[in-house]
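Undergrad: Sequence and predicted structure are below.
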Amino acid sequence: MQTDPVCGMKVDDQLADSKSQFQGKTYYFCSEECKRKFDQKPESYTGKKGQAQSGGKAHGSGGKR
């Protein structure tokens, strides 16, 4: 079972007709409507917007004061 990232409904990934790929991961949806919403702005449902930049910032100040 997977969770539809748009509406939060549980989806059986073995039976789901609606699915999308984003940044190497497959997301499953309860309906085509949820899939369309996801496909328009996937970063708003995955929390992965600007992830590469924030990863670089974590190494930033490194204890120098």
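TA: Noted; the coordinates are in hand. Numbering: from 1, shown residues only.

Undergrad: So which residues of this protein form helices?
TA: Secondary structure of the chain (DSSP state H): helices at 32-40, 43-46, 51-57.

Undergrad: Which of those helices comes out lowest on mean pLDDT?
TA: For those, the bottom mean pLDDT is recorded on helix 51-57, which sits at a mean of 34.

Undergrad: So which residue is smack in the middle of this protein?
TA: Nearest residue to the geometric centre of the chain (Cα atoms, centre = their mean): Thr46, 2.7 Å.

Undergrad: burial count for Cys34?
TA: Other residues lying near Cys34 total 22 when counted by other Cβ atoms under 10 Å. Using the backbone N, CA and C atoms, a C-beta is placed for each residue, glycine as well.

Undergrad: again, but for the one 5 residues further on
TA: Asp39 is flanked by 13 other residues according to other Cβ under 10 Å.

Undergrad: Let me know whether it touches Ser20 as I believe.
TA: Yes - counting by Cβ atoms under 8 Å, Asp39 does reach Ser20; the two are 5.7 Å apart.

Undergrad: Please report how far Cys7 lies from Phe38.
TA: Cys7 sits 10 Å away from Phe38, taking Cβ to Cβ, to the nearest Å as the criterion.
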